[in-house]
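Novice: Show me the folded form of this:
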Amino acid sequence: MSQRWSRGLLPILWLPVSSPASGLLDEQQASLLPAILIGLLLASGGLWWLQSRRRRSRDSTYRALLEQTRGQLLDSVLEQRPLLQLMERLAMSWSALQPGSNGSVLLVDEHARINTIAAPGLPASYSAQLDGLHAAEGVGSCGTAIARCAPVFVADVQTDPLWMPYQALAETGGFRSCWSMPFFDESGRVLGTFAVYGQQPGLPDTRARNWMLEFTRLAALAVQKTRLAEQHELSRQRFTAVFHQAALPMLLVSAEGVLLEANPRFAELFGYQPEANACFDLRSWLHPDDLRTFAPQLRELLDQHTHVLDGELRIRLPDGRFDWFKLNISLVSGAHGAHQSYLLVAEDISQRKATELAMQEAAAVFEHSREGMLVTDAGYRISTVNPAFTRITGLTPGQVQGRTVMQFNLDTGSGKTTEQELAILQQDGYWQGEVRIQGAGGQPLPLWVTATLIHSADGQLERCLIMFNDLSRLRRSQEQLYRLTNFDSLTGLPNRVMASFHLQQLLSQAGIRDCRLAVLYIDLDKFKSINDNLGHECGDQVLREAASRLQSECGPADMLARLAADEFMLIVDGCEADQARELAGRLCQSMRVPFLLDDGRQLYLSASVGFAMYPDDAASAAELIRKADTAMDSVKLAGRDGVRQWAEEMDAQVSQRFELERDMRIGLEHSPEQFVLYYQPLIDLQTRQVRGVEALLRWQHPQRGLIGPDLFIPVAELTGLIVPLGRRALDGACRQLQQWQSEGLALEFVSVNLSPLQFSGEDLQCSVAETLANSGLAPEALVLEITESALMTDVQKSLDTLHVLKRMGVRLALDDFGTGYSSLSHLRSFPLDKLKIDRSFMQGVPESRGDSLLLASILELAAGLQLEVVAEGVETEAQLQFLYRHDCAMAQGFLLSRPLPVGQLQAWLAQDGDQ
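Specialist: Below is the predicted model of the structure:
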């Protein structure tokens, strides 16, 4: 105000005497005008100073009053004053702080009903009508604040929509404004609200809001502390009632070990009333042995690691005896005025313990004996049996009690009757020996029995105690050992040990009987791939089914044995070589039928069978087995799925195979450059241009020179070395095509053969992706060739793998079509791009009308399936013209070009490729 006055007076001070304003005054008055104005200016500044000082004094008074209110309320809470008194003081304190308004405190119950607990400045009739209202939106300031969990400030209750239903009620209360601020407990639940009722309309300023916030904090503290004290008091009263009325003796001991109180039942049971406030020594109360057991648990309780302790212990009685009690010690709070104490409850269990001990002593021998035991009376009538008797014989006590020993038809193996054996027992008083009885299931039980007669003091026979051990386990162990030693656990077939023994027995009699016999060695082709990729469970299903199929082809006198994982041996007595060959063919045929697994998948397998004849091929069991195995290996090297009888040259083949395998491993590990790629061009029959090449692996052996694939590829597939070889071929072919394309050679693709082991491997996708990434070759420039047999081993898994490769952008070709056993339905479902016709279909074309019709049909079929056809093995111009006329897409063969190393192929492309 003084500044405003100063701004108004300063221009007047500087008016010149001759100004128009001076005309209003005479000369004498005008001369006094500056002095008058200066006085007015000084007076206005003093007035502002006095007002500022008065305001600071009032604020100081308010702060002091607020601090006093806070201190008084906290003291009252600590003194546990009644909640009503606390809230009354809080409400009255507001009126002192904010004259012209009244404070009130309202609480809300669990059903959201409002209850006025303190409203000293409001009419009682108004508060009475508020009680019981349901807190909700639109129920005045307080009901809405509770519902919203947020402050609600109403400037004028006569116009605000929240007060529409309660305007008449507000008139009886004599107020115009209502400000309400809710307060909460520690969990955030609304406890109530602090409300301010103003006589004049208006909203709270910042200071009033801060005061209300402080008052809600004090209200929340008071309500929570009061309710907690009430709960503690109620708990104390309940505890006291239970303590004094309990039927069990109880003691209350302080944390310091001072006896606080004993209930009446304690005095009744123990015969004395302990002295209160005396030191209580639990150690003198418990049996020393139990104390040692109980001490660690007691220490945890005393250290408050646990709050309850239970135990069955012996407690000293007043006469010095110890008796059994169930003792419970609990940590309690606030009982008997103590901050923390221990409640001891003792339950007399001495009678139960005595009964238990008697029963344990009476049943100890029966319950803990591993031997079967039974007791009879003097007439050998069974009265009691122990659990071991039932466990061994399977007969329950109810089935045998009352029966005589003679009714069991005991077989001692001596030829004597049960009565005769009992007579010996009567004479000697003791009998021991092996006995066979009939068990509950009717099966004979071998037992080792000891019987002893028990007489009374006057020599009269009172009872007979019979004890026995079960010999069944020993017999079963002997039988199990025999089976484990001689039979395969998976298929139930004889194993190598049993088969060898059987073969030796036959050979030992063969000379006398003058007969021949055959030993057939059977190996499941590609079984290792199934076992590795589908798991042992699937592998076991295949082996069990294979054993069943092989067994179905055997005669009753033949012995089929499982020698190893996928190897079987069949011994046929009285058999000629032709019969053995025919039988082996049937065995192979039985393996070609698809194997249906439990999960619905179909697997396609084959078998390789070699056999040797006695006496033509060998005379000993070991030689017959070895030569049959050698013949089977020869089938494997020739391409699997066939039958061969041992021949002398096969031993050299096996030796060569082992040498090749050894050299191959050494080459892969130390000089992988021995394995090189040759490339055979694939010619587009319409344009006569080279579209791509097929990569073919060759082995440049350091001593033997160039080794063709027909020699080392079967060994590589048989030993698993085809996987690293195939990976090397794939990597080299991709790198080479990428180099050619970067040099400008117009080659569209390179074809790479995948072996069945590569195709079924779990890392195929990663291997192809890594090779493409490392070489930089576009995925569509790579054609992967897969044989029919590889696809048909597990059709569903093959389909999944092909789709994965297809999504990568790689093109897929079915290699050697027509040599496997795929169906047209499978061919239609596979996501193939190309079909490669095996060279065997080209041999009679075009001279043979049948071969030509067959080839034409295949080409027509491929066109219908939208597959690009590549014909292999084209060797004559006539064959080439036939393929051209029937719209075959591409061809390869010696007529066009042999497989060439990189340098020669580049020269061929430069000189003869266009021809």
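
Novice: what's near enough to touch the closest residue to residue 905 other than its chain neighbours?
Specialist: The shortest distance from residue 905 to any non-neighbouring residue, by C-beta to C-beta, 6 or more residues apart in numbering, is to residue 679 (4.9 Å). Just so you know, the C-beta spots here come from the backbone N, C-alpha and C atoms, and that holds for glycine as well. Applying C-beta atoms under 8 Å, 6 or more residues apart in numbering, one finds that residue 679 lies in contact with 693, 694, 695, 696, 736, 750, 899, 900, 901, 902, 905.

Novice: Compare the residues you listed and tell me which has the most neighbours.
Specialist: Of all those, the highest neighbour tally under other C-beta atoms under 10 Å goes to residue 693, namely 29 neighbours.

Novice: List the contacts of it.
Specialist: By C-beta under 8 Å, 6+ apart, residue 693 lies in contact with 679, 680, 681, 682, 737, 747, 750, 751, 905.

Novice: Please convert these to CSV, extending it with distance to residue 484 and secondary structure.
Specialist: Shown next, in CSV, are the contacts of residue 693 (distance: C-beta to C-beta, whole Å; DSSP: H, G, I helix; E, B strand; the rest coil):
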residue, distance to residue 484, secondary structure
679, 56, strand
680, 55, strand
681, 61, strand
682, 58, strand
737, 57, helix
747, 62, coil
750, 55, strand
751, 52, strand
905, 61, helix
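
Novice: Check what contacts stretch 186-197 and list those residues.
Specialist: Stretch 186-197 is contacted from outside by 90, 94, 98, 101-108, 117, 121-122, 141-142, 145-146, 149, 173, 175, 177-185, 204, 208, 212, 215-216, 219-220, 223-224, using C-beta under 8 Å, 6+ apart.

Novice: export stretch 450-469 as CSV, just CAs?
Specialist: C-alpha atoms of stretch 450-469 as CSV (Å, rounded to 0.1, in the frame of the first residue of the first chain):
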residue,chain,number,x,y,z
THR,A,450,14.4,-123.7,11.8
ALA,A,451,11.8,-125.0,14.3
THR,A,452,12.2,-124.9,18.1
LEU,A,453,9.9,-126.3,20.8
ILE,A,454,9.3,-124.1,23.9
HIS,A,455,8.4,-125.8,27.2
SER,A,456,7.0,-124.5,30.5
ALA,A,457,8.8,-124.8,33.8
ASP,A,458,7.2,-128.2,34.5
GLY,A,459,8.3,-129.5,31.1
GLN,A,460,5.0,-129.2,29.3
LEU,A,461,5.0,-128.2,25.6
GLU,A,462,3.6,-124.7,25.4
ARG,A,463,4.4,-123.5,21.9
CYS,A,464,6.6,-124.0,18.9
LEU,A,465,8.6,-121.1,17.3
ILE,A,466,9.3,-121.5,13.6
MET,A,467,11.6,-119.2,11.7
PHE,A,468,12.5,-119.3,8.0
ASN,A,469,14.4,-117.5,5.3
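
Novice: Please renumber the chain so that the first residue is 45 from this point on.
Specialist: I'll keep to 45 as the first residue from here, and by that count the last item is stretch 494-513.

Novice: how much space between residue 732 and residue 600?
Specialist: Look at residue 732 and residue 600: by C-beta to C-beta, to the nearest Å, they are 66 Å apart.

Novice: Between the two, tell me which one has more neighbours.
Specialist: Using other C-beta under 10 Å as the criterion, residue 732 and residue 600 rank with residue 732 on top: 13 against 4.

Novice: Does the more buried one lie in a helix or a strand, and which?
Specialist: Remark: residue 732 resides in no helix or strand, with elements defined by DSSP states H and E.

Novice: just to revisit the earlier point, got a markdown table for the contacts of residue 737, with distance to residue 712 and pLDDT too?
Specialist: Output for these, formatted as a markdown table (distance: C-beta to C-beta, whole Å; pLDDT from 0 to 100):
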| residue | distance to residue 712 | pLDDT |
| --- | --- | --- |
| 723 | 21 | 97 |
| 724 | 24 | 97 |
| 725 | 28 | 97 |
| 726 | 29 | 97 |
| 781 | 23 | 97 |
| 791 | 28 | 95 |
| 794 | 22 | 98 |
| 795 | 23 | 98 |
| 949 | 25 | 94 |
